[in-house]
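Asks: Structure for the following, please:
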Amino acid sequence: MSIGRFKRTGFRGDILLACQLTLGFRTVQNRVMGQGISVMIQWEDRFRVGVDIIDIQHITLLSLYNRLQSSINGGECEEALRRTAKDLIDYAKKPLVEEETLLKRYSVTGLEEHLAEHQEFKDYVLGLYVQLSFADEYLLAGEVLEFLEKWLEEHIGQSDKTQAEQLRALGIR
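Replies: Coordinates of the predicted model:
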């Protein structure tokens, strides 16, 4: 499932020339300093899974996406990318582990697959930290944004919702 199409150029300030979101995220599109389109994703009910602790974690992840996007447009990509990589590692260590603990406690169906998706997230963010030393920060930032959009749609929008539905059926809010 593709959530967006990104066209990249070699010009650092023009990393995201165009973005067409194909799955209905409400977006705020602004021209920033003539450097392409900034796409900020807003929290809306469609992301809500109905389990407060998990929703709060997802809002945090969404804010990391928006902060990185904003920093790219403000010309602060390198530092923002390092900060985002650190924050994503922290996210993988705490919120993802808290979610896993909750899902294990209630033995939800599909747990193995869900945990495998979390492991893919953890592997990605650890790899990201390694890439910081040699990759072009603007290209890498674009890849991180694309990864996070895909995570929001595919993991949170589908997998987490399925797991949360089971938790809500058990009275977990």
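
Asks: Phi and psi next, for residue 41.
Replies: phi -100, psi 130 (degrees, to the nearest 10).

Asks: Test my guess that it contacts residue 62.
Replies: Yes - Residue 41 lies in contact with residue 62 (C-beta atoms under 8 Å); the separation is 6.1 Å. C-beta coordinates here come from the backbone N, C-alpha and C atoms, glycine included.

Asks: who touches both of these two?
Replies: Counting by C-beta atoms under 8 Å, 6 or more residues apart in numbering, the residues touching both residue 41 and residue 62 are residue 152.

Asks: Just the buried positions in stretch 102-110, please.
Replies: 102, 103, 108 (16 or more other C-beta atoms under 10 Å).

Asks: now the end-to-end length of it.
Replies: 14 Å (C-alpha to C-alpha, to the nearest Å).

Asks: Can you tell me the element residue 40 falls in?
Replies: Using DSSP states H and E, residue 40 sits within strand 37-41.

Asks: Please save the CA atoms from the helix or strand that that strand is followed by in PDB.
Replies: Remark: after strand 37-41, the chain's next helix or strand is helix 52-73, criterion DSSP H and E. Output of helix 52-73 as PDB, limited to C-alpha atoms (Å, rounded to 0.1, in the frame of the first residue of the first chain):
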ATOM      1  CA  ASP A  52      -5.800   6.500  25.700                       C
ATOM      2  CA  ILE A  53      -2.300   5.400  26.500                       C
ATOM      3  CA  ILE A  54      -1.800   4.200  22.900                       C
ATOM      4  CA  ASP A  55      -3.400   7.400  21.400                       C
ATOM      5  CA  ILE A  56      -1.100   9.600  23.400                       C
ATOM      6  CA  GLN A  57       1.900   7.700  22.100                       C
ATOM      7  CA  HIS A  58       0.600   8.100  18.600                       C
ATOM      8  CA  ILE A  59       0.200  11.900  19.000                       C
ATOM      9  CA  THR A  60       3.800  12.000  20.200                       C
ATOM     10  CA  LEU A  61       4.900  10.200  17.000                       C
ATOM     11  CA  LEU A  62       2.900  12.500  14.800                       C
ATOM     12  CA  SER A  63       4.400  15.500  16.500                       C
ATOM     13  CA  LEU A  64       7.900  14.100  15.800                       C
ATOM     14  CA  TYR A  65       6.900  13.900  12.100                       C
ATOM     15  CA  ASN A  66       5.600  17.500  12.100                       C
ATOM     16  CA  ARG A  67       8.600  18.800  13.900                       C
ATOM     17  CA  LEU A  68      11.000  17.200  11.400                       C
ATOM     18  CA  GLN A  69       9.000  18.500   8.500                       C
ATOM     19  CA  SER A  70       9.000  22.000   9.900                       C
ATOM     20  CA  SER A  71      12.700  21.900  10.600                       C
ATOM     21  CA  ILE A  72      13.500  20.800   7.000                       C
ATOM     22  CA  ASN A  73      11.600  23.800   5.800                       C
END
